[in-house]
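Engineer: What follows is a predicted structure for the sequence shown.
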Amino acid sequence: MATSAEPILEADGLVKHYPLTRGIVFHKQIGAVRAVDGVDFTLGRGETLGLVGESGCGKSTVAKLLCNLERPTAGAIRFKGEDITRLSGRALKAVRRNIQMVFQDPYTSLNPRMTVGDIIGEPYEIHPEAAPKGDRRQRVRELLDVVGLDPAFANRYPHQFSGGQRQRIGIARGLALRPEVIVADEPVSALDVSVQAQVINLLDRLQTEFDLSYVFIAHDLSIVRHISDRVGVMYLGRIVETGRDAEIYDHPTHPYTQALLSAVPVPDPAAREDRERIILSGDVPSPADIPSGCRFRTRCWKARERCAREVPLLAVPAGLREAGGPAAHDSACHFAEPRQVVPPEQARP
């Protein structure tokens with residue numbers, strides 16, 4: 001989709017720490033879980049930003065912060081230039097109407113005691129100005145049709161639908177207030193592969209039809225590539241590499257991104273033999289005990305003494321900046337260099 005250079009949503013130094021306490025009566029803070037620890041990105045109007053990374057890297061916490069379901073410990077979130085972390089009351093309610101969320105699990109995100117029509121129409125109870133009371137039933141039927149479901153299904157209950165259909169209902173609910181930004185938190189991870197493709201195609205079509213901007217969160221890199229214009233790779237609460245989708249997938253420069261891409265399945269057996277598989281050693285460190293310097297160094301084959309001393313900045317590495325080309329994108333690594341981990345003919349699924 002054609003995107004605008006005008007930013008609609010920005011994260012600036014976004015931080016979310018959860019305190020660790022000890023004691024039953026007198027709670028004493030003994031540390032903090034650094035779930036999000038300095039995230040910066042810009043989302044253009046009509047653009048899709050994909051956030052990828054292992055479970056526990058902070059992706060879902062970022063999603064909650066963007067939708068104001070959690071308050072940040074530090075940093076700013078700007079919607080159309082206004083810092084929404086400072087808003088409250090009516091001003092915050094108005095912003096929430098423009099930033100909606102599609103949740104990960106279609107089985108628990110829908111109230112089983114409500115009909116589909118009531119679920120999709122519930123946002124109108126919170127924001128009555130979005131639709132006159134007499135028009136709401138018709139709006140719900142239109143939304144069901146938009147997401148590919150029979151409008152007659154409005155009187156049914158969630159248990160009467162498949163997982164893919166339930167996620168379509170969740171998407172319809174997210175569209176009810178005509179938002180400008182949709183934050184999709186792993187919206188297809190609980191679905192079968194064939195259904196995943198249908199939902200991705202639906203989101204792609206809706207983006208054009210409703211002029212939406214997406215923050216699309218997932219751990220599956222092959223899915224993210226289908227829908228994203230730009231990609232940010234997260235590790236232990238920070239973005240370690242970001243760039244256009246082709247830059248990230250065809251010319252990854254951060255060792256963590258290279259390891260993730262090497263694990264993407266390749267359907268062609270012949271091409272599978274030509275690929276390089278990178279196996280990381282050790283486990284992901286605890287977000288309550290972050291390593292010094294580069295937080296990926298405990299699992300990185302490139303780690304040197306400098307990595308323990310200095311925190312690498314998310315920027316275009318000097319050597320790659322001079323060379324130019326698609327590999328010259330932001331990477332938080334002292335020794336960043338491009339590496340082909342997927343055979344070129346298999347690079348695009």
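Structural biologist: That came through, no problem.

Engineer: can we go C-alpha only for contacts and neighbour counts from here?
Structural biologist: Will do.

Engineer: Backbone torsions only: list them for Met101.
Structural biologist: phi -120, psi 140 (degrees, to the nearest 10).

Engineer: what about the longest helix in this structure?
Structural biologist: Counting residues, the longest helix found in the chain (DSSP state H) is helix 193-210.

Engineer: which is the next helix or strand following it?
Structural biologist: Past helix 193-210, heading to the C-terminal end, the next element that is a helix or strand (DSSP states H and E) is strand 213-218.

Engineer: can you pull the buried residues of the helix or strand just after that following strand?
Structural biologist: Using DSSP H and E, the helix or strand that follows strand 213-218 in sequence is helix 221-227. In terms of neighbour count (16 or more other Cα atoms under 10 Å), helix 221-227 has its buried residues at 221-225, 227.

Engineer: Where is pLDDT lowest across those?
Structural biologist: Minimum pLDDT for the buried residues of helix 221-227 is recorded at Ser222 (82).

Engineer: What distance do you get for that one to Pro252?
Structural biologist: Distance of Ser222 to Pro252, given as Cα to Cα, to the nearest Å: 14 Å.

Engineer: Same question for Arg156.
Structural biologist: Computed as Cα to Cα, the Arg156 to Pro252 distance reads 47 Å.

Engineer: More neighbours: the two, which one.
Structural biologist: Pro252 (29 against 14; other Cα atoms under 10 Å).

Engineer: How is that one assigned, secondary-structure-wise?
Structural biologist: Classification of Pro252 into helix, strand or coil gives coil, according to DSSP: H, G, I helix; E, B strand; the rest coil.

Engineer: wait, what's in contact with it?
Structural biologist: Counting by Cα atoms under 8 Å, 6 or more residues apart in numbering, Pro252 makes contact with 258, 327, 337-340.

Engineer: mind putting those in a markdown table, neighbour count and secondary structure included?
Structural biologist: As requested, the contacts of Pro252 are exported to a markdown table (neighbours: other Cα atoms under 10 Å; DSSP: H, G, I helix; E, B strand; the rest coil):
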| residue | neighbour count | secondary structure |
| --- | --- | --- |
| Gln258 | 23 | helix |
| Ala327 | 24 | coil |
| Glu337 | 17 | coil |
| Pro338 | 18 | coil |
| Arg339 | 16 | coil |
| Gln340 | 17 | coil |
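
Engineer: Please identify which of these is nearest to Val140.
Structural biologist: Within those, the smallest distance to Val140 is 44.3 Å, found for Gln258 (Cα to Cα).

Engineer: How about that closest one: what's its closest non-neighbour residue?
Structural biologist: Closest residue to Gln258 apart from its sequence neighbours, by Cα to Cα, 6 or more residues apart in numbering: Pro252 at 5.8 Å.

Engineer: again with Val146
Structural biologist: Ala172 (7.8 Å).
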